[in-house]
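Undergrad: Whatever this is, show me its structure:
(4 chains, ligands or ions: 2)
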Amino acid sequence: MDECSLYDTVIVTRSRSPHHAGVVNEPTSRAQGVNPLCGDRVRLSVRAGHDGIEDLRHETRGCAICIAATDLMAEVVTGRTRTDALELGQRFTDMLESQSPPGEVADDADMPEVLRAFLPLKTHRSRLRCATLPWTALGEALNHD
Amino acid sequence: MDECSLYDTVIVTRSRSPHHAGVVNEPTSRAQGVNPLCGDRVRLSVRAGHDGIEDLRHETRGCAICIAATDLMAEVVTGRTRTDALELGQRFTDMLESQSPPGEVADDADMPEVLRAFLPLKTHRSRLRCATLPWTALGEALNHD
Amino acid sequence: MSASDTDVLSQADLSHLRAQFPILSQTVHGKPLVFLDSAASAQKPDVVIDGMAEMMRTQYANIHRGLHWMSERSTEAYEAARTRVAEFLGAAAREEIVFTRNSTEAINLVAYSYGSLLRPGQAVLISEMEHHANLVPWQMLRDRIGIELRVAPITDDGDLDLDAYGALLADGKVGLVAITHMSNVLGTVTPAERLVAMAHEAGARILLDGSQAVVHRRVNVQDLKADFYTFTGHKLYGPTGIGVLWARRELLDAMPPFMGGGDMISSVTFEKSVWAPVPAKFEAGTPAIVEAVGLGIAIDWVESIGFDAIGAHEAALTKHALRVLPEVPGLSVVGKPRERGGVVSFTMDDVHPHDIATLLDRNGIAVRAGHHCAEPLMRRLGLTATARASFAAYTTEHEIDVLAETLRRIRQFFV
Amino acid sequence: MSASDTDVLSQADLSHLRAQFPILSQTVHGKPLVFLDSAASAQKPDVVIDGMAEMMRTQYANIHRGLHWMSERSTEAYEAARTRVAEFLGAAAREEIVFTRNSTEAINLVAYSYGSLLRPGQAVLISEMEHHANLVPWQMLRDRIGIELRVAPITDDGDLDLDAYGALLADGKVGLVAITHMSNVLGTVTPAERLVAMAHEAGARILLDGSQAVVHRRVNVQDLKADFYTFTGHKLYGPTGIGVLWARRELLDAMPPFMGGGDMISSVTFEKSVWAPVPAKFEAGTPAIVEAVGLGIAIDWVESIGFDAIGAHEAALTKHALRVLPEVPGLSVVGKPRERGGVVSFTMDDVHPHDIATLLDRNGIAVRAGHHCAEPLMRRLGLTATARASFAAYTTEHEIDVLAETLRRIRQFFV
Ligand SMILES: Cc1ncc(COP(=O)(O)O)c(C=O)c1O
Ligand SMILES: Cc1ncc(COP(=O)(O)O)c(C=O)c1O
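TA: Ligands and ions are numbered 1, 2, ... in the order given. The predicted structure follows:
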């Protein structure tokens, strides 16, 4: 179907049954990200403590890329400090937006493997925001809690 | 200089020394024609009686085509009835504006020979109004006297 | 081409026709391009591309006022394109054709210029299925001068609700109706003559947005008795950067200019300018000369095929699509209008339209997905987005089969 | 091309350069074309013509929102053209570039949008040597919202009178200055940095009409410290139908949109629309996609020659023209500005400019004659019309000699 593996198994699976859907108990912050151009909408609820993000859940309406990106974000940021999480978001965005072809991206050893599933988006630039939207919302949530 | 004879001797000569420049005595009507696109301005004064146009003089500021066309108009309409003069103006305009090439214009036996000097304008359509402007002004003058 | 004899495109006609569109032989992601996004913008035949290049190579200069040969030839070509458009729309006079950048600018021109003649208390009436191009300019006018904006609803099938339309006209406050002649989302062809008659009866003028309609059918503005009609060149196999406003002469005469500049005045002092006669009054500055000429060529091309043949071909394609697409598991076609042009929007259970579009693209198939610049319509339909396949004279039944087959595989992949 | 090494075009460079303009080998009335009307619109090199055709042949679709390959490629090409223009003007960010149809539309956009932020009692200050494009929009604004229109005089030589300019700014009421960077009639290059500094000191914003200036010299809007800058593609060896407004980001952000439609909103309901970020906010509807790409190619072409070489070449041509033309009996060159671009207007005793132009044309020579869309300037100069020869990168000294020789014969013919 899709030889370039944009719709990697992890993306399709997560979009169909996200692991982190819902709302956290006793959230310390909430945020919403909307892409008005396509109607995608990500709602996040976060419980963060002194040591960082304890729990993060989402209600996402959107395409497979957006749902999977949100769900995988929830997975990789849980347990991280705020700073660490935001910095990861920046690196993820940079990885997708840099002009280098998908094969030759800077070797970011710290990039969680699951996030690399989005690399093929580099050749579908009109879909980039589907993957970065949850990270924008996370920035909102962490900067206003 | 001009092998297609657009600037026929009669045109150049008349533009340099018009025969009918000036203002008539006891005018029965006056009119002005202006081409705002190029600043050409034709002022006519006419004395018309029961039998038609008795005298017509002009003050023309403009290009050679415009001055000569005005002067030759004065020449050919003097002595004609109003109707006859207006009808001639229409035929003159039609002759120039019709899409047929200059060689094949409808054989208008009644067209005074001097007016045929303007036929080469058919290939310089942007200059057509220079030649028809005095006739427009004449229409004004005769319809409002 | 034998098209005009038989009024339908034979297989041979169609191959001949497709061969005139160089882009159709391109591949995308290693697959032959299947271009089903013509409602967004149509591809251009060789004659248009070559004709524009030829003009720039051999006969180009700025138009009007140029007293030299190149300028006169360019002016003639530009003005001949105007005459061509006037014939195409059945306008009463060539002076009724104003060239704009696109349909959007044509509508904005009317909103600024004719709109300035409306008074607070009067209303503009649009419909629920307008493209943003025929909605936002009226909102901006409302906010500028305080008119009311009324919206005629559509039925669940996607037709204009004529009773409601009549009711909204009833109080006589509507100064202008602005309604699409064909929806770019639902494909709905609106009953234009009826809409015009009802508007006029209520004392309103009417603008028809023909951006989609002119591509699929012969339009005669005098038969329609419309007041304003707009379309855009790039959807009619013509270049980008050129669009058309048609309006009845006496309306154009009464309207103030939209933009100021060269060529739209007959005299200028620092105190005061006197406007040129129409259409110059509405064409300030150097127009899209080469693009207007390109549009003229595109119209020649369309007429060489003929609307009978194009219409019949597109109707056959649409019928075929409406048969095979609903057979794809989970797929729903949006809307069921009484009369539909070559546009089919659809959704698929469990697969977002954007994912559909991207996966189709990986198979060489170009469709559009999103709100199609008709957000309020999407909201009315309870959707955030749809996928949309749209057909042109060069579209084949086989391409629709490829679309259906690929959609089937996408669905399997996701479920 | 070795041009950039030596900063001047050798004879060989020039032949090579001219060979890239197919139209230059045309004949007119049996004579080789001598095209001296580039200030009205420049001819286009092969790369521009072919690049536009190539895009339509292989990589065309409507831009933005298209999720498919052709649409993404078209979007990239269109947005790359924006980046190219931003670099060309030295803009701080690519978002500061708004594509319009031409310079005229760019100025009208500012007059409608930024103009709506001015208040009665404030003034707009223009000069006596403006093109109608930079005069009529401000008159229309004056009549719409009741601002005052002030006009800075020029000296008899054709320079801006800086003392008077300063005096008109002195009361602090001027909200916006709008002045040409180079006159299309006199060739005057205005002291833009000075004008900007004086405007800013008086608390006014300043728009520079760069329609003529960008063709002849490198412009850097940040060095100039201007607020708005406009130019038009077709004079810069690019296509018709595309122009540019540059403005500082914070101004664009603060300005309301000009036209409404698709692509300029981020969300729409019937009640209210939310505008998209700049530059999209100002680009309603399908833009002149192919033409923007063509403009990008034209800029590449210009930069491949280099402004040092073009500037030196045109300065040499102008100097030559100012030497040989006044030697023609009865001929007077109009204006004697301190700095002059490649434009020379002239009159000849006893021969009307229109007759000059027509007779030159019969000899294959294209010049413009008339008021050059600058009627008030003509009135200031006490003229109704002039003939104007204008030079481009492809103009040769020989062509100027042919012009002078033919003018001599025309004069003999008439006197
Ligand atoms: C100084 C100046 N400003 C503005 C314009 C208008 O350019 P356009 O007609 O391309 O909008 C011109 C060109 O004629 C010009 O020379
Ligand atoms: C119905 C309708 N109206 C208006 C438009 C706007 O056309 P353009 O973007 O060429 O101005 C479109 C095209 O998208 C359309 O489909």
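Undergrad: what's C:Ala93 sitting at in phi/psi?
TA: phi -150, psi 150 (degrees, to the nearest 10).
Undergrad: mind listing what it touches?
TA: By CB atoms under 8 Å, 6 or more residues apart in numbering or on different chains, the contact list for C:Ala93 reads C:Ala86, C:Arg249. For every residue, glycine as well, the C-beta is placed using N, CA and C.
Undergrad: Leaving out chain neighbours, which residue sits closest to residue 63?
TA: I'll assume chain A. The spatially closest residue to A:Cys63, leaving aside those adjacent along the chain, is C:His352, at 3.7 Å (CB to CB, 6 or more residues apart in numbering or on different chains).
Undergrad: Correction: the question concerned chain C.
TA: Once chain neighbours are set aside, the closest to C:Ile63 by CB to CB, 6+ apart is C:Thr75, at 4.2 Å.
Undergrad: got it, and C:Gly121?
TA: C:Gly121 sits nearest to C:Lys173 (CB to CB, 6+ apart), 6.7 Å away.
Undergrad: For burial, what's the neighbour tally of that neighbour?
TA: 17 (other CB atoms under 10 Å in any protein chain shown).
Undergrad: re earlier: specify the local secondary structure of the residue nearest to C:Ile63.
TA: Of the three states, C:Thr75 takes helix under DSSP: H, G, I helix; E, B strand; the rest coil.
Undergrad: What of C:His398?
TA: C:His398 ends up helix, using three-state DSSP.
Undergrad: how far away is it from C:Ala404?
TA: Separation of C:His398 from C:Ala404 (CB to CB, to the nearest Å) stands at 11 Å.
Undergrad: Which phi and psi values does the residue of chain A at minimum distance from ligand 1 adopt?
TA: In chain A, the residue that lies nearest ligand 1 is A:Leu37 (31.4 Å; CB to the nearest ligand atom). Main-chain torsions, A:Leu37, degrees, to the nearest 10: phi -70, psi -30.
Undergrad: Need the pLDDT of it.
TA: For A:Leu37, the pLDDT comes out at 71.
Undergrad: still on that earlier bit, next one: phi and psi at the residue nearest to C:Gly121?
TA: phi -90, psi -10.
Undergrad: got a list of what it touches?
TA: Residues counted as contacts of C:Lys173 (CB under 8 Å, 6+ apart) are C:Gly121, C:Gln122, C:Ala123, C:Glu148.
Undergrad: Whichever residue of chain A sits closest to ligand 2 - how many residues pack around it?
TA: Relative to ligand 2, the nearest point of chain A is A:Leu37 (14.8 Å; CB to the nearest ligand atom). Using other CB under 10 Å, A:Leu37 is surrounded by 18 other residues.
Undergrad: doesn't D:Ile265 make contact with it?
TA: No. A:Leu37 is beyond contact range of D:Ile265, at 9.7 Å (criterion: CB atoms under 8 Å).
Undergrad: In the chain, where is pLDDT below threshold?
TA: Went with chain A since none was named. Along chain A, the parts satisfying pLDDT under 70 run over A:1-4, A:100-108, A:144-145.
Undergrad: wrong chain, I was asking about chain C
TA: Using pLDDT under 70, chain C drops low at C:1-7.
Undergrad: Could you chop it up by domain?
TA: C:11-41+C:306-414, C:50-303 (automatic domain parsing).
Undergrad: Need the winner for burial among the ones you listed.
TA: Highest mean neighbour count of the domains of chain C: domain C:50-303, a mean of 22 (counted as mean count of other CB atoms under 10 Å in any protein chain shown).
Undergrad: gap between it and the chain center?
TA: Put simply, domain C:50-303 sits 10 Å off its chain's centre (CA atoms, centre = their mean, to the nearest Å).
Undergrad: Could you see whether ligand 1 lies near that domain?
TA: Yes. Under the criterion of CB under 6 Å from any ligand atom, ligand 1 is reached by domain C:50-303 at C:Gly262, C:Gly285, C:Thr286.
Undergrad: Confirm that the second one sits in a helix.
TA: Looking back up the chat, that one is C:Gly285. No. Using three-state DSSP, the secondary structure at C:Gly285 is coil, not a helix.
Undergrad: The residue lying closest to it once chain neighbours are set aside: which element?
TA: In this structure, C:Gly285 finds its nearest non-sequential neighbour in D:Thr104, 2.7 Å apart by CB to CB, 6+ apart. D:Thr104 belongs to helix D:103-113 when assigned by DSSP states H and E.
Undergrad: helices or strands up against that helix?
TA: Packing partners of helix D:103-113 (3 or more CB pairs under 8 Å, 6 or more residues apart in numbering or on different chains; DSSP states H and E): strand D:97-100, helix D:136-145, strand D:205-209, strand D:228-232, strand D:243-247.
Undergrad: can you give me the strands in chain A?
TA: A:29-35, A:40-49, A:52-61 (DSSP state E).
Undergrad: From chain D, how far off is the closest residue in space to A:Glu59 that isn't next to it in sequence?
TA: Nearest non-adjacent residue to A:Glu59, counting by CB to CB, 6+ apart: A:Arg43, 4.4 Å away. Counting by CB to the nearest CB, to the nearest Å, the gap from A:Arg43 to chain D is 17 Å.
Undergrad: what about A:Arg43, neighbour count?
TA: If we define neighbours as other CB under 10 Å, then A:Arg43 has 17 of them.
Undergrad: shouldn't the residue nearest to C:Gly285 be in contact with D:Val110?
TA: No. If you go by CB under 8 Å, D:Thr104 and D:Val110 don't touch, sitting 11.2 Å apart.
Undergrad: Overlap of the contact sets of these two?
TA: Counting by CB under 8 Å, 6+ apart, the residues touching both D:Thr104 and D:Val110 are D:Pro137.
Undergrad: still on that earlier bit, who touches the residue nearest to A:Cys63 in this structure?
TA: C:His352 makes contacts with A:Gly62, A:Cys63, A:Ala64, C:Ala385, as judged by CB under 8 Å, 6+ apart.
Undergrad: Show only the entries of those residues found in helices.
TA: A:Ala64 (DSSP state H).
Undergrad: For the contacts of C:His352, give me CSV that also has distance to C:Asp143.
TA: Listed next are those as CSV, based on distance: CB to CB, whole Å:
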residue, distance to C:Asp143
A:Gly62, 31
A:Cys63, 34
A:Ala64, 39
C:Ala385, 28
